[in-house]
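[1] following is a predicted model, sequence given first.
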Number of protein chains: 2
Amino acid sequence: MSDFQRRSAELNDLLCVLNVLTWDARTQMPAGGGPARAQQMATISALARERLLDPAFERAAAEVQEAGMQGDEVQRRAAAQALEAIAAMRRVPAELTHELALLKSEAQELWIEARRTNDFALFAPALTRMVELNRRLADALGYEDHPYDALLGTYEPGVTVATLTPLFERLRAHHVPLVQATKDRPPPRSDFLYRHYPAEAQKRFSLTMAEQFGYDVGRGRLDESAHPFEISFTRGDVRITTRFQETFLPAALFGTLHETGHALYEQGVRPELSRSVLTSDLLGLYAVGGASYGTHESQSRLWENRIGRARAFWDLHYPLLQDTFPEQLGDVSTGEFHRAVNRVQPSLIRVEADELTYDLHIMLRVDLERALMAGELAVQDLPEAWNARIEADLGLVVPSDAQGVLQDIHWSSGMFGSFPTYTIGNVMASQFYEAAHAALPDLEGSLARGDYAPLRGWLTKQIYQHGRTYSPHELLTRTTGGGLDPAPYLKYLTGKYSELYGLSPQEAHA
Amino acid sequence: MSDFQRRSAELNDLLCVLNVLTWDARTQMPAGGGPARAQQMATISALARERLLDPAFERAAAEVQEAGMQGDEVQRRAAAQALEAIAAMRRVPAELTHELALLKSEAQELWIEARRTNDFALFAPALTRMVELNRRLADALGYEDHPYDALLGTYEPGVTVATLTPLFERLRAHHVPLVQATKDRPPPRSDFLYRHYPAEAQKRFSLTMAEQFGYDVGRGRLDESAHPFEISFTRGDVRITTRFQETFLPAALFGTLHETGHALYEQGVRPELSRSVLTSDLLGLYAVGGASYGTHESQSRLWENRIGRARAFWDLHYPLLQDTFPEQLGDVSTGEFHRAVNRVQPSLIRVEADELTYDLHIMLRVDLERALMAGELAVQDLPEAWNARIEADLGLVVPSDAQGVLQDIHWSSGMFGSFPTYTIGNVMASQFYEAAHAALPDLEGSLARGDYAPLRGWLTKQIYQHGRTYSPHELLTRTTGGGLDPAPYLKYLTGKYSELYGLSPQEAHA
């Protein structure tokens, strides 16, 4: 093991430990453990930062890089990423990092209280300060065209406002009329989704499906938490959580399939990349095997939506769901169930949105945070801007800020620039799926038989195994021959909703 | 916060993090997580060791110590303990620490396999090496009379072979004839202990009792694990585990009360000592608020045995247990139940032993490990020595090494010198109980009413709140006026078993 590898391994260990502490805090920790846990995490973060910025680590990385073509390509990429992260972190003043960390705890508490009491004014000063500090962070990190680019780049390397603008315009031009067209059709029956579904049985069914997809519970586990997430401490321990709603079946079911997609990615990283820079987000101080937020999301959305909401999936698995809930679903056909879990229904809340309106929620947030960053929108004007946009895009009146501008945790935790990655994930999911389809002539057949190994195998070979070795753009280019392209995604959505709602080609492109 | 306090806090954070990683590994982690977890723990241990041996930490501690009488007494004690731990750790060559850590993993795996296949020869070479390395550890740490003293001192400061020998002789002279006397009486009825007791109901009852004792579940939780334990990450998060046997009621019930005793100690440490040297075992690299292993055990044994196995406890709580298990206990009186959970029954397995024969199990182990350390006994002769002693002390023939010399994990994890602390804990428990009794005239009355606050309050004031500020000897002297003294313990046992078995004073001292 080289000095660079040894130091990288230590750093990754620290990031994995941070993840264990986070998982425990969100799923197991008694309330009394909170204050000490925050200090323990701050201590480990500080140590990770110290090790990352240790001049000896930089020297070790530089040596590997200088070894040039004689060295190992994977090691050289790891070294390049380390040097880039070190340089970026050096550009951010320690005092700003410290201020941001302090503000994060404070802003999150205020946000929780503001959402509970529906009082945006309570959160506004902290949010104003958060915008300021993120603007300073953007300046420190550096950018060419737009301060938002600097922040976005930490979540999705290579994507900028200049990339996003035409992409979003195209999606918008497609989604808005398609949503309208579905509105003109009678809504599918969905009453049965709200019957009583005991959590224990939901968990059993969801985990069975996760294992069918290939989730290895010998290297993972499913728990409950207030907000579902996936987290890994190397590929040998990749955990997922969900939240059971006993009177709304889809929440935990599709939530589990979503997190399973993330987990398949992490479990598929090849063993050699464990404890390396190529399973470490060094700038975010987070242990993760996925290439970017968007790439990760492409896998959760692919398994949740392309596979888990497909008619072929329910033709095969609906009988087991009916056996699990005979009283609740005895009077519901496969087709009715499939249509219900795919119904388009403009709603106020992003995490409850269907596939079509979901992107509209994202674009709203991205436009607003981009304007905040550019100084074109003041925090105090945010609720009004939010509500106007919801009405324009979805035809809904926002009855309270709690169901509007205060619904997401992201801004209170300073994650400006992460929202675009959800939609980027959707776009990439369809690109990868089309590439898999081209490579695997019997893909549809295998999926219809419930054999997920061919798809998972292709994704593992092309994406998962590489961890963070390749950039999202490289992964796309290697598999599809080009960069980010919304065409496959739009084609999928048009086809899917035309069929579900019986729309003519003209209506679908109205 | 002084530099010493800041560095102590960071060190304690690291030890708490190690405890979180341990708890997770033993209660939640999927099998696949094992190898990476071992590396994560090794990384945190190495960092803790590095921070402890950082010359800047030694200087900061020395400054506090030199501040002398002008400083704060608690800070001065913390500094003195830090300097002592630094000096001790410096005496141990890094290479020996490393060898021990490696051997520990290897030996534990071999021990598990050896126990499973009842093959002592498989474990013997690793154990021989473990004895050698511990002998070298003893030499490095230093001792006056006996190498065993050096090891024992890391678990129970101030206790040596010279202290133990007369103490153990006196206990032995008391216990052996008393066990014999109970054997001459008809054994109490105990068939009902082996009926079917569903784990969920056991958990509910056990946790209710733990909360009655004062265990705060807002700062803790009860889980299942293969080997029950208590572990803390500051007083705000003190977790306990137990193991449910559905066909043997006492295991989880008294196991929970035992761990609750440990937990009350940790939850009772005063808040100011969190994140300090006085809640850190710096030599063992373990976050713990108790003064020593023996002091800790005194509290688990006090709550489990003096309170939980007392007639007054069952007079009060047996109705709830009967309500919980009406079919299993409907035909069993309070007296029958109380006698059954206190029956004396020589057995092969330490963790299943009653209060009387338990100490005999301990003395056997201590005599053997002391002889191993002194080079008076070879590892290959260990099984024979073990079996001969079990026959002499308990009148039992050991049918297999798995139920004999291979039953405990301690030697495979290198914990030579920790066994005496179990018996020391028993002795201290009675001393503390007698002191509490003298200070609280209505102690028996409050216990009979199920009011555990007066006893817990006294123990908190005299012992728990101080964390590791005072040595075990100081705690004893402050509360009882003297050092380790078996008289109260022997008086308790004689009284208890005379009454349970209807022994005359002559028989009890036969």
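    Sure thing, it's come through.

[2] what about the nearest residue to A:R311 once chain neighbours are set aside, neighbour count?
    Leaving aside its sequence neighbours, A:R311 sits nearest to A:H338 (Cβ to Cβ, 6 or more residues apart in numbering or on different chains; 5.3 Å). Bear in mind the C-beta positions are built from the backbone N, C-alpha and C, glycine included. Neighbourhood size, A:H338 [other Cβ atoms under 10 Å in any protein chain shown]: 19.

[3] name the surrounding residues that touch the lowest-mean-pLDDT helix or strand in chain A.
    For chain A, scoring each helix and strand by mean pLDDT, DSSP states H and E identifies helix A:505-508 as the least confident one, at a mean of 84. Contact with helix A:505-508 is made by A:L178, A:A181, A:D184, A:T494, A:Y497, A:S498, as judged by Cβ atoms under 8 Å, 6 or more residues apart in numbering or on different chains.

[4] just the element for the fifth one, please.
    Think A:Y497. Here A:Y497, judged by DSSP states H and E, is contained in helix A:487-501.

[5] for that helix, packing partners?
    Judged by 3 or more Cβ pairs under 8 Å, 6 or more residues apart in numbering or on different chains; DSSP states H and E, helix A:487-501 is in contact with helix A:161-183, helix A:355-373, helix A:420-439, helix A:505-508.

[6] and A:I240, which of those is closest to it?
    Closest to A:I240 of the helices and strands packed on helix A:487-501 is helix A:420-439 (Cβ to Cβ; 16.9 Å).

[7] list the buried residues of the closest one.
    Within helix A:420-439, the residues that count as buried by 16 or more other Cβ atoms under 10 Å in any protein chain shown are A:420-436.

[8] show me what it is packed up against.
    helix A:147-155, helix A:161-183, helix A:293-301, helix A:355-373, helix A:443-448, helix A:453-462, helix A:472-480, helix A:487-501.

[9] which one of the ones you listed is the most hemmed in?
    Ranked by mean neighbour count, the helices and strands packed on helix A:420-439 are led by helix A:293-301 with a mean of 26 (mean count of other Cβ atoms under 10 Å in any protein chain shown).

[10] show me what that one is packed up against.
    Using 3+ Cβ pairs under 8 Å, 6+ apart as the test, helix A:293-301 ends up in contact with helix A:249-267, helix A:420-439, helix A:472-480.

[11] rerun that using 10 Å as the cut-off
    Packing partners of helix A:293-301 (3 or more Cβ pairs under 10 Å, 6 or more residues apart in numbering or on different chains; DSSP states H and E): helix A:147-155, strand A:230-232, helix A:249-267, helix A:420-439, helix A:472-480.

[12] in JSON lines: these, plus distance to A:R243 and mean pLDDT.
    Shown next, in JSON lines, are the helices and strands packed on helix A:293-301 (distance: least, Cβ to Cβ, whole Å; pLDDT from 0 to 100):
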{"stretch": "helix A:147-155", "distance to A:R243": "24", "mean pLDDT": "96"}
{"stretch": "strand A:230-232", "distance to A:R243": "13", "mean pLDDT": "98"}
{"stretch": "helix A:249-267", "distance to A:R243": "6", "mean pLDDT": "97"}
{"stretch": "helix A:420-439", "distance to A:R243": "18", "mean pLDDT": "98"}
{"stretch": "helix A:472-480", "distance to A:R243": "29", "mean pLDDT": "98"}
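
[13] let me have those in a markdown table, adding distance to B:Q328 as columns.
    Formatted as a markdown table, those follow (distance: least, Cβ to Cβ, whole Å):
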| stretch | distance to B:Q328 |
| --- | --- |
| helix A:147-155 | 58 |
| strand A:230-232 | 42 |
| helix A:249-267 | 36 |
| helix A:420-439 | 55 |
| helix A:472-480 | 61 |
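
[14] and for whichever residue of the stretch 401-510 of chain A sits closest to chain B, the neighbour number?
    Per Cβ to the nearest Cβ, A:G467 is where the stretch 401-510 of chain A lies closest to chain B, at 14.4 Å. Using other Cβ under 10 Å, A:G467 is surrounded by 27 other residues.

[15] next, give phi and psi for it.
    phi 50, psi -130 (degrees, to the nearest 10).

[16] with the one 4 residues further on instead?
    Main-chain torsions, A:S471, degrees, to the nearest 10: phi -70, psi 160.

[17] who's in contact with it?
    Neighbouring residues of A:S471 by Cβ atoms under 10 Å, 6 or more residues apart in numbering or on different chains: A:R77, A:Q81, A:E156, A:P157, A:G158, A:A291, A:S292, A:T295, A:T477.

[18] which one of those is nearest A:F416?
    A:F416 lies nearest to A:E156 out of those, by Cβ to Cβ, at 12.7 Å.

[19] my guess is the closest one contacts A:V366. True?
    No - A:E156 lies out of contact with A:V366 (Cβ atoms under 10 Å); the separation is 11.6 Å.

[20] overlap in contacts, the two.
    Common neighbours of A:E156 and A:V366 (Cβ under 10 Å, 6+ apart) are A:L164, A:G417, A:S418, A:P420, A:T421.

[21] for A:H196, give its distance to chain B.
    22 Å (Cβ to the nearest Cβ, to the nearest Å).

[22] excluding chain neighbours, what is closest to the residue nearest to the spatial centre of chain A?
    Central residue of chain A (Cα atoms, centre = their mean): A:E297, 4.1 Å from the mean position. Spatial nearest neighbour of A:E297, chain neighbours left out: A:G425 (2.6 Å); criterion: Cβ to Cβ, 6+ apart.

[23] off-centre distance for stretch A:249-267?
    The chain centre lies 11 Å from the centre of stretch A:249-267; the measure is Cα atoms, centre = their mean, to the nearest Å.

[24] and that stretch, anywhere near chain B?
    Yes - residues of stretch A:249-267 contacting chain B under Cβ under 10 Å from any Cβ of the partner chain: A:Q267.

[25] next, the contact list for whatever residue of the stretch 301-450 of chain A ends up closest to chain B, please.
    Scanning the stretch 301-450 of chain A for proximity to chain B using Cβ to the nearest Cβ identifies A:W303 as nearest, at 20.1 Å. Listed by Cβ under 10 Å, 6+ apart, the contact set of A:W303 reads A:209-210, A:213-215, A:254, A:257-265, A:429, A:452, A:455-456, A:459.

[26] where does pLDDT dip in the stretch 151-300 of chain A?
    Within the stretch 151-300 of chain A, not a single segment meets pLDDT under 70.

[27] which parts of it sit against chain B?
    Going by Cβ under 10 Å from any Cβ, the residues of the stretch 151-300 of chain A near chain B are A:216-221, A:223, A:232-239, A:267, A:271, A:274-275, A:287.

[28] just the buried members of those residues?
    Among these, those classed as buried by 16+ other Cβ under 10 Å are A:216, A:219-221, A:232-239, A:267, A:274-275, A:287.

[29] which members of those residues are positioned in strands?
    In strands, judged by DSSP state E, the following of those are found: A:G220, A:R221, A:S232, A:V238, A:R239, A:A287.

[30] grab the nearest non-local neighbour of the last one.
    The reference is to A:A287. That would be A:L15: by Cβ to Cβ, 6+ apart, it lies 3.7 Å from A:A287.

[31] now do the buried residues in the helix or strand hosting the one you found.
    Using DSSP H and E, A:L15 falls within helix A:3-27. Residues A:4-5, A:7-21, A:23-27 are the ones in helix A:3-27 that count as buried (16+ other Cβ under 10 Å).

[32] chain center to stretch A:468-480: distance?
    So, by Cα atoms, centre = their mean, the centroid of stretch A:468-480 is 18 Å from its chain's centroid.

[33] dump the C-alpha coordinates for that stretch into PDB.
    Presented in PDB, the C-alpha positions along stretch A:468-480 are these (Å, rounded to 0.1, in the frame of the first residue of the first chain):
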ATOM      1  CA  ARG A 468     -16.200   7.700  -8.500                       C
ATOM      2  CA  THR A 469     -13.500   6.800 -11.000                       C
ATOM      3  CA  TYR A 470     -15.300   8.400 -13.900                       C
ATOM      4  CA  SER A 471     -17.300  11.700 -13.900                       C
ATOM      5  CA  PRO A 472     -21.000  11.600 -14.700                       C
ATOM      6  CA  HIS A 473     -20.200  13.000 -18.100                       C
ATOM      7  CA  GLU A 474     -17.700  10.200 -18.800                       C
ATOM      8  CA  LEU A 475     -20.200   7.500 -17.600                       C
ATOM      9  CA  LEU A 476     -22.700   8.900 -20.000                       C
ATOM     10  CA  THR A 477     -20.300   9.200 -22.900                       C
ATOM     11  CA  ARG A 478     -19.000   5.600 -22.300                       C
ATOM     12  CA  THR A 479     -22.400   4.100 -22.300                       C
ATOM     13  CA  THR A 480     -24.500   6.400 -24.700                       C
END
